[in-house]
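S.K.: predicted model follows, preceded by the sequence.
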Amino acid sequence: MVLAAMVVTGCVTVGPDYVKPDAQAPYAWHGPLKGGLAPGDSDMAAWWTTLNDPELSSLIDRALAGSLDLKKARARVREARAQKGATKEEMRGRL
């Protein structure tokens, strides 16, 4: 009963006269872009290259080179599950 009264009171408090507050972001968040950039000019495929960090670039290059595609990953999961099943059967035979 108390919960129902709280819900009704909450709805009445906000009511139909609710006005969304005007929230302004600081100017630094939406100021002019530097270095000849324009809004929408971005190549997110290699964003880390703008940091000029050879170690980071090396890590990402190695990660991309070692990345498996989805078919290979699925095949490895199936293989691991099959090996797990074979190991269980082998262990049962020994007991």
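M.R.: Now that the structure is in, tell me what you want to look at. Numbers count the residues shown, from 1 in each chain.

S.K.: what's the neighbour count on Ser57?
M.R.: 14 (other Cβ atoms under 10 Å). Quick note: C-beta positions are derived from backbone N, CA and C, even for glycine.

S.K.: surely it meets Thr49?
M.R.: Yes. Taking contacts as Cβ atoms under 8 Å, Ser57 lies within contact range of Thr49: 6.5 Å.

S.K.: okay, Ala23: pLDDT?
M.R.: At Ala23 the predicted local confidence, pLDDT, stands at 82.

S.K.: repeat for Lys88
M.R.: 68.

S.K.: Leu59 now?
M.R.: The model's pLDDT for Leu59 equals 90.

S.K.: mind checking how far it is from Ala45?
M.R.: According to Cβ to Cβ, to the nearest Å, Leu59 and Ala45 sit 16 Å apart.

S.K.: give me the more crowded residue out of those two.
M.R.: Leu59 (12 against 6).

S.K.: so which helix or strand takes in the more buried one?
M.R.: Secondary-structure element containing Leu59, defined by DSSP states H and E: helix 54-65.

S.K.: the helix or strand that that helix is followed by packs against which elements?
M.R.: Counting by DSSP H and E, the element after helix 54-65 in chain order, helix or strand, is helix 70-94. Packed against helix 70-94 by the contact rule (3 or more Cβ pairs under 8 Å, 6 or more residues apart in numbering; DSSP states H and E) you find no helix or strand.

S.K.: in helix 70-94, what counts as buried?
M.R.: Within helix 70-94, not a single residue qualifies as buried, counting by 16 or more other Cβ atoms under 10 Å.

S.K.: fine by me, we can end here.
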